[in-house]
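>>> no sequence on this one, just coordinates:
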């Protein structure tokens, strides 16, 4: 259920006619945090990475580890499909290969987090059996 809610939210963000953070001026907030060197492009790229972390995590937790290669491939295809959809149907959006790379990186980070979670769970089960 959580994955379904996330996918709906992702679709709204990724396929809306305008980029949700386009034109957002965070320069004052970033300056106050000492991050005035952060550019809009860097912020957008970071947002694209963060956007896909939950997708990679949730799918990897649902799929057996032997199929994680397919999860990673699927994440890359989804990221590419989003950019293709933006190119073909959303003239207000600017598709880019950088976005595909950032989204795919976020998805991969999510899969790595899932691997860590599963590893901790497996180790915990082993410890409980030995007690």
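Ah, there it is. In this text the structure is predicted, and so the values were computed from the model without any measurement.
>>> Check which helix or strand the residue nearest to the spatial centre of the chain maps to.
With distances taken as CA atoms, centre = their mean, the chain has residue 52 as the residue nearest its mean C-alpha position (0.9 Å). Here residue 52, judged by DSSP states H and E, is contained in helix 40-62.
>>> Excluding sequence neighbours, find me the nearest residue to the residue nearest to the centre of the chain.
residue 106 (3.3 Å; CB to CB, 6 or more residues apart in numbering). Where you see a C-beta, it was placed from the backbone N, CA and C, and this is true even at glycine.
>>> go on, residue 85?
residue 15 (6.1 Å).
>>> Can you give me the neighbour number for that neighbour?
With neighbours defined by other CB atoms under 10 Å, the count for residue 15 comes to 13.
>>> which ones are touching it?
82, 85, 86, 90 (CB atoms under 8 Å, 6 or more residues apart in numbering).
>>> which secondary element of the chain has the worst mean pLDDT?
Of all helical and strand segments in the chain, the minimum by mean pLDDT, DSSP states H and E falls on helix 27-32, at a mean of 76.
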